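Colleague: Quick one, structure for this:
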Amino acid sequence: MKSIFILCDTTNRRALELYGSANPAITPNLNRLAERGMIFDNHWCGSAPCMPARRDIMTGRLGFLERPWGGIEPFDYPLGRILGHGNVHSQMFTDHSLYLMPGGENYINSFTCWDVIRGQEFDPWSINPDKGGIRSDCKPDGYKGTYAESYRANRAKVQGEQDYPSVQTLTKAADWLEENAGADNFLLWIETFDPHEPFDVPKEYVDLYEEEQTASDVFWPTYEPNIFTEEETKDLNLRYKALLTMTDRYIGKLLDVMDQNNLWEDTMVIFTTDHGYLLGEHGYMAKNYMPPYNEVFHIPLVIAAPGVQAGRCNALTQNIDILPTLMEFYDVPDSVLHYPLHGKSLLPLLRREQEVLRDGIIYGYYGKSVGYTDGIYTYIRAAASEENRPLYLYAGMPTILRQSLGADSIDPKDYDKIEMGKFLPYTDYPVYRFPADVIHYNNPSQEFSKRSDHNGENLLFSLREDYDQQKPIRNAELEGGYAAKLADCMKRHDSPSEQFQRLGLPTSN
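Modeller: Sure, this is the predicted structure:
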């Protein structure tokens, strides 16, 4: 048996025709895949943003209550190594360059073979010095949004569509699949950074949305409340869809190889994303610093597999379910695991042997509000105090995004506040326990020095009557019931005890 896993970063569910979008992107090839497979209507991200979501997927466990962005931990047992017990060759193609930076350790080297295409976003790939030495980021006059000299230098190497990193990624993956179509027992893992910002895309894709075009030339949102005009916001949405359309085109090349080699007969294809993205909704741009709204955490999932009838599934599912699904697909037993998984195999749902997988899920960003849904309501629980404490970060791999948890983020006088011990209930591996107070995170949207200004209240919404989460429900009895459900779900996902105190919930037993 063979499998193909496709993760397109930052794919908004609400931009997809297959999810009934009122104003969809042009994605004929994702529609083509959906016509063959099961569309999961109630699929959710667990930990966000990018790297926390990947750790969830590759380990089958939720991690956002323990730590923020970081590498695969020494005690983690990731997907590639687990599938190796079934003699499954795992091949990765990706242009997610953050695997190569601090906070991205140990992900790619769990695969049998991997290829990282360079040049996306802030990737320090091709920037040169100026007369003063290190080149500084100086926005051009009148420029609005995020700007980086490293990105300008990377894009200078793009001479045509075939040079875009995501295009290279999908093209290489399609070529690999064509070359190895006769092989068996492999996983082809494909990640494109697109349609993640910046929404820089060839003009021909923008022109496909001619009726929506404006005079704006903005293409890179900032991680803060929306600073753009109505016309600029419209243009950012357009460019996002155009970038998704280009990505879809090259997914089509992969599906063509499937068709030409009759690979549908013995190959499972999974399409999903790590998280969504706000493009003006709730007054916000991007992700991370605001409450865990549906736009970011309710994500697409489509699975086509041999013997699976096309259709839709409304069961509550989560990205942590990918690993156990692949384990069952390749007959890899649970006995190879080093600890219990939080995820559950989706195969019983695909085979229509059952309709329900779980009764509720939790999700969120480390050190921010925590979300819960049972598919009927969504409940968002904020930190009880502005101090956002107590809060600890647990790690055996002491890095966060582009920083080590050492000299570049902690004052040496605070080193004696760092503890080491067996603090996690599911492993005897000793880890560092960092008080959040001593960490200086150089990423403003993800920092946790206090309760986020945008995460100051508890919020309860009806998914059926107010999916866009515009009208919080004020009902103390109902909220109390959902607070209890949230606490119970946190316990079942091995939450550190201080998280209950931070959120003002009953302390874990």
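
Colleague: Dump the C-alpha coordinates for stretch 453-471 into CSV.
Modeller: Extracted C-alpha coordinates of stretch 453-471, given in CSV (Å, rounded to 0.1, in the frame of the first residue of the first chain):
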residue,chain,number,x,y,z
ASP,A,453,-4.6,42.4,25.1
HIS,A,454,-6.8,40.5,22.6
ASN,A,455,-7.5,37.5,24.9
GLY,A,456,-9.1,39.3,27.8
GLU,A,457,-12.5,37.5,28.1
ASN,A,458,-14.2,34.2,28.0
LEU,A,459,-16.3,33.7,24.8
LEU,A,460,-19.1,31.2,24.1
PHE,A,461,-20.6,30.8,20.6
SER,A,462,-23.2,28.6,18.9
LEU,A,463,-21.6,26.9,15.9
ARG,A,464,-25.0,26.4,14.3
GLU,A,465,-26.5,29.9,14.8
ASP,A,466,-23.3,32.0,14.9
TYR,A,467,-20.5,30.2,13.1
ASP,A,468,-18.8,33.5,12.4
GLN,A,469,-18.5,34.1,16.1
GLN,A,470,-20.0,37.6,16.2
LYS,A,471,-22.4,37.4,19.1
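
Colleague: Contacts for it, please.
Modeller: For stretch 453-471, the surrounding residues in contact (C-beta atoms under 8 Å, 6 or more residues apart in numbering) are 225, 281-282, 284, 289-291, 293-294, 368-369, 373, 375-383, 386, 472-473, 475, 478-479, 482-483. Quick note: C-beta positions are derived from backbone N, CA and C, even for glycine.

Colleague: how far is the host helix or strand of residue 57 from where the chain is centred?
Modeller: In this structure, residue 57 sits in helix 50-59 according to DSSP states H and E. Mean-position distance between helix 50-59 and its chain equals 7 Å (C-alpha atoms, centre = their mean, to the nearest Å).

Colleague: For the helix or strand just after it, which helices and strands make contact with it?
Modeller: Scanning forward in sequence from helix 50-59 by DSSP H and E, the next helix or strand is helix 79-84. Contacts defined by 3 or more C-beta pairs under 8 Å, 6 or more residues apart in numbering; DSSP states H and E place helix 79-84 against helix 50-59, strand 89-94, helix 322-329.

Colleague: can you give me the angle the last one makes with helix 50-59?
Modeller: I take that to be helix 322-329. Here helix 322-329 points in a direction 20 degrees away from that of helix 50-59 (axes from the mean of the first three to the mean of the last three C-alpha atoms, to 10 degrees).

Colleague: and the angle from the helix holding residue 57 to strand 89-94?
Modeller: 170 degrees.

Colleague: Using PDB, write down the CA coordinates of helix 50-59.
Modeller: Output in PDB follows, covering the C-alpha atoms of helix 50-59 (Å, rounded to 0.1, in the frame of the first residue of the first chain):
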ATOM      1  CA  CYS A  50       3.000  26.100  12.000                       C
ATOM      2  CA  MET A  51       5.500  24.100  13.900                       C
ATOM      3  CA  PRO A  52       3.300  23.200  16.900                       C
ATOM      4  CA  ALA A  53       0.700  21.900  14.400                       C
ATOM      5  CA  ARG A  54       3.400  19.800  12.700                       C
ATOM      6  CA  ARG A  55       4.500  18.300  16.000                       C
ATOM      7  CA  ASP A  56       0.900  17.400  16.700                       C
ATOM      8  CA  ILE A  57       0.600  15.700  13.300                       C
ATOM      9  CA  MET A  58       3.900  13.800  13.500                       C
ATOM     10  CA  THR A  59       3.500  12.600  17.100                       C
END
